[in-house]
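Engineer: here is my input, please return the structure:
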Amino acid sequence: AGNIAAVTGIRSAAAGVTLSRDKDFTPFEAIRHYSDPVVTVAVEPKSMKDLPKFIDALRSLAKADASLQVTTNQETGEALLAGMGELHLEITVYRIEEEQNIKVKVSPPIVVYREGIEGSNRGSAFEGKSPNRHNRFFFEIEALPTDVVAALRSGDLGDGPVRSGDAKEVGNKFGELGMNKDIMRKIYAINGTNVLVNDTKGIQNLHETRELIIEAFNEVCVKGPIADEPVQGMFVRLVDAKLHEDAIHRGPAQTIPAVRNGIKGAMMRARTVLLEPMQKAFVSVPNDWLGPVTREVTTRRGIIEDMPSEGAVTTVVGVIPIAETFGFSNDIRAASQGRAVWNTENLGFEILPPQLFDKVVGEIRQRKGLKPEPNPESYYAD
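Structural biologist: Numbering: from 1, shown residues only. Presented below is the predicted three-dimensional model:
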């Protein structure tokens with residue numbers, strides 16, 4: 001035990017896989033990565049003749065680094081690299097240029113935000129209507145408890161549509177985490193850290209629209225109502241429905257918009273907020289440069305949590321929004337005249353301060369080609 005081996009020539013291998021000569025074997029437990037990529041850049045080769053080599057290099061990097069997400073446009077050669085932070089992506093680009101000898105163009109970094117639920121519309125269900133007005137779905141939404149979100153993120157509760165035969169078992173797992181197991185046994189689907197439950201009673205023909213309801217739920221989880229950003233930690237309950245008796249009037253073109261608008265409207269009624277990714281920084285610096293380093297952290301909306309000292313060196317422990325960390329490496333070097341040593345870890349997401357909400361939402365929506373302000377609750381009632 002404890003040996004390190006090098007194996008070459010296995011092109012299909014990726015980080016985290018188990019290799020064996022035997023067909024029947026038990027693989028090692030998969031390595032779970034609990035941190036989602038929070039910064040994205042667009043990268044493309046400066047010369048189109050390097051495109052095939054560039055795409056191969058990206059595939060190789062994605063295999064070796066499970067925390068890197070790569071999306072490629074095969075026609076234009078543009079790739080979106082999503083990683084843990086600015087430094088992570090800088091290293092990735094460096095490897096493309098230096099190891100593969102491919103010169104690339106890189107866009108400014110973009111922070112990936114999340115949308116979440118701050119309140120609840122329990123007791124005030126939002127009604128989503130189909131375009132033909134013959135179908136109506138009523139939704140109540142609230143935030144999931146933090147321990148349930150953690151269990152969903154770890155994969156302990158599964159992901160995707162939940163079969164009727166498995167709903168009781170899955171519901172019991174939620175019950176062990178303190179949720180109402182009777183309600184959770186009627187679970188329809190899980191999408192990431194979001195949950196959809198059918199909490200209706202005796203609705204005729206509802207089972208025929210189950211897949212369409214789940215499809216609309218998944219669409220909302222990918223693009224929320226505030227800024228088309230992914231949603232997390234949302235508990236959606238379908239509490240009532242009124243369906244047309246003729247199946248032709250409750251097909252996909254009717255059911256999906258009704259459910260999508262119903263969920264988005266309920267989210268607005270329950271108070272949807274924007275969540276920004278956070279990072280904890282540990283900066284060790286000689287005491288003579290402590291002042292400039294702490295100022296560098298606090299001017300980036302950072303909060304200093306601790307400053308333990310050991311001899312002539314102090315470690316500044318601070319929490320900083322990732323949106324404020326661009327250029328942090330160079331600025332810390334300058335503030336400490338190159339004497340600081342630091343590392344970081346991602347801390348998940350926290351609610352964006354209210355005073356920044358309009359500005360950040362407006363910037364995201366402008367970048368995505370959307371109108372400046374999110375649609376109000378009333379928009380989804382029409």
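
Engineer: excluding sequence neighbours, find me the nearest residue to Thr71.
Structural biologist: Residue nearest to Thr71 in three dimensions, not counting chain neighbours: Leu80, with 4.4 Å by Cβ to Cβ, 6 or more residues apart in numbering. From N, CA and C alone the C-beta is placed, and that goes for glycine too.

Engineer: helix or strand next in line after whichever strand or helix holds that neighbour, which one?
Structural biologist: Assigned by DSSP states H and E, Leu80 belongs to strand 79-83. Per DSSP H and E, the first helix or strand lying C-terminal to strand 79-83 is helix 86-99.

Engineer: angle of that following helix against strand 79-83?
Structural biologist: Orientation check (axes from the mean of the first three to the mean of the last three Cα atoms, to 10 degrees): helix 86-99 against strand 79-83 gives 130 degrees.

Engineer: before we move on, the earlier item: the residue nearest to Thr71 contacts Val41, doesn't it?
Structural biologist: Yes: here Leu80 lies in contact with Val41, judged by Cβ atoms under 8 Å, at a distance of 7.5 Å.

Engineer: ok, the two, which is more surrounded?
Structural biologist: Neighbour tally, Leu80 and Val41, criterion other Cβ atoms under 10 Å: the higher count belongs to Val41, 19 against 16.

Engineer: quick check: the more buried one vs Gly9, distance?
Structural biologist: 32 Å (Cβ to Cβ, to the nearest Å).

Engineer: likewise Pro109?
Structural biologist: Pro109 sits 36 Å away from Gly9, going by Cβ to Cβ.

Engineer: so between those two, which is more surrounded?
Structural biologist: Pro109 (20 against 5).

Engineer: and the more buried one, what does it touch?
Structural biologist: Applying Cβ atoms under 8 Å, 6 or more residues apart in numbering to Pro109 gives the contacts 39-41, 86, 89, 326.

Engineer: how is the protein partitioned into domains?
Structural biologist: 39-111, 115-270+374-381, 274-351 (automatic domain parsing).

Engineer: any stretches of the stretch 251-382 of the chain with poor pLDDT?
Structural biologist: Scanning the stretch 251-382 of the chain for pLDDT under 70 picks out no residues.

Engineer: can you give me the helices in it?
Structural biologist: In the stretch 251-382 of the chain, the helices defined using DSSP state H, counting those that start in this stretch lie at 252-269, 290-298, 328-336, 354-367.

Engineer: please identify the most buried of the ones you listed.
Structural biologist: The highest mean neighbour count among those, using mean count of other Cβ atoms under 10 Å, belongs to helix 252-269: a mean of 24.

Engineer: helices or strands up against that helix?
Structural biologist: strand 126-129, strand 136-143, helix 210-222, strand 234-242 (3 or more Cβ pairs under 8 Å, 6 or more residues apart in numbering; DSSP states H and E).

Engineer: what comes into contact with the second one?
Structural biologist: Residues from elsewhere that reach strand 136-143 (Cβ under 8 Å, 6+ apart): 116-130, 199, 213, 233-242, 258-259, 262-263, 265-267, 269-270.

Engineer: which SSE is immediately downstream of that strand?
Structural biologist: Assigned by DSSP H and E, the successor of strand 136-143 is helix 146-154.

Engineer: buried set for that following helix?
Structural biologist: Buried positions in helix 146-154, judged by neighbour count with 16 or more other Cβ atoms under 10 Å: 148-149, 151-153.

Engineer: dump those into CSV; add distance to Leu274 and pLDDT as well.
Structural biologist: What follows is the buried residues of helix 146-154, written out as CSV (distance: Cβ to Cβ, whole Å; pLDDT from 0 to 100):
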residue, distance to Leu274, pLDDT
Val148, 21, 96
Val149, 17, 95
Ala151, 24, 94
Leu152, 20, 95
Arg153, 19, 91
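
Engineer: among the residues you listed, which one lies nearest to Ala340?
Structural biologist: Distance to Ala340, by Cβ to Cβ, is smallest for Arg153 among those, at 32.3 Å.

Engineer: measure that closest one to Phe349 for me?
Structural biologist: The gap separating Arg153 from Phe349 is 11 Å, by Cβ to Cβ.

Engineer: top strand in the chain by residue count?
Structural biologist: strand 272-286 (DSSP state E).

Engineer: just give me how far it sits from the chain centre.
Structural biologist: 16 Å (Cα atoms, centre = their mean, to the nearest Å).

Engineer: return the set of buried residues in that strand.
Structural biologist: 272-279, 281, 283-285.

Engineer: again with stretch 178-195
Structural biologist: For stretch 178-195, the neighbour count (16+ other Cβ under 10 Å) marks 179, 181, 183-195 as buried.

Engineer: put the alpha carbons of that stretch into PDB.
Structural biologist: Output in PDB follows, covering the C-alpha atoms of stretch 178-195 (Å, rounded to 0.1, in the frame of the first residue of the first chain):
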ATOM      1  CA  GLY A 178     -36.900  15.700   9.500                       C
ATOM      2  CA  MET A 179     -39.200  16.300   6.600                       C
ATOM      3  CA  ASN A 180     -42.800  15.100   6.500                       C
ATOM      4  CA  LYS A 181     -42.400  11.600   5.100                       C
ATOM      5  CA  ASP A 182     -46.100  11.300   4.100                       C
ATOM      6  CA  ILE A 183     -45.700  14.300   1.800                       C
ATOM      7  CA  MET A 184     -42.200  13.200   0.600                       C
ATOM      8  CA  ARG A 185     -43.600   9.700  -0.400                       C
ATOM      9  CA  LYS A 186     -45.400  11.600  -3.100                       C
ATOM     10  CA  ILE A 187     -42.200  12.900  -4.600                       C
ATOM     11  CA  TYR A 188     -42.100  13.300  -8.400                       C
ATOM     12  CA  ALA A 189     -38.500  14.400  -9.100                       C
ATOM     13  CA  ILE A 190     -35.200  15.700  -7.800                       C
ATOM     14  CA  ASN A 191     -33.100  18.100  -9.800                       C
ATOM     15  CA  GLY A 192     -29.800  18.800  -8.200                       C
ATOM     16  CA  THR A 193     -30.800  20.300  -4.800                       C
ATOM     17  CA  ASN A 194     -34.400  21.000  -5.800                       C
ATOM     18  CA  VAL A 195     -37.400  18.700  -5.100                       C
END
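
Engineer: right, I'll call it a day here.
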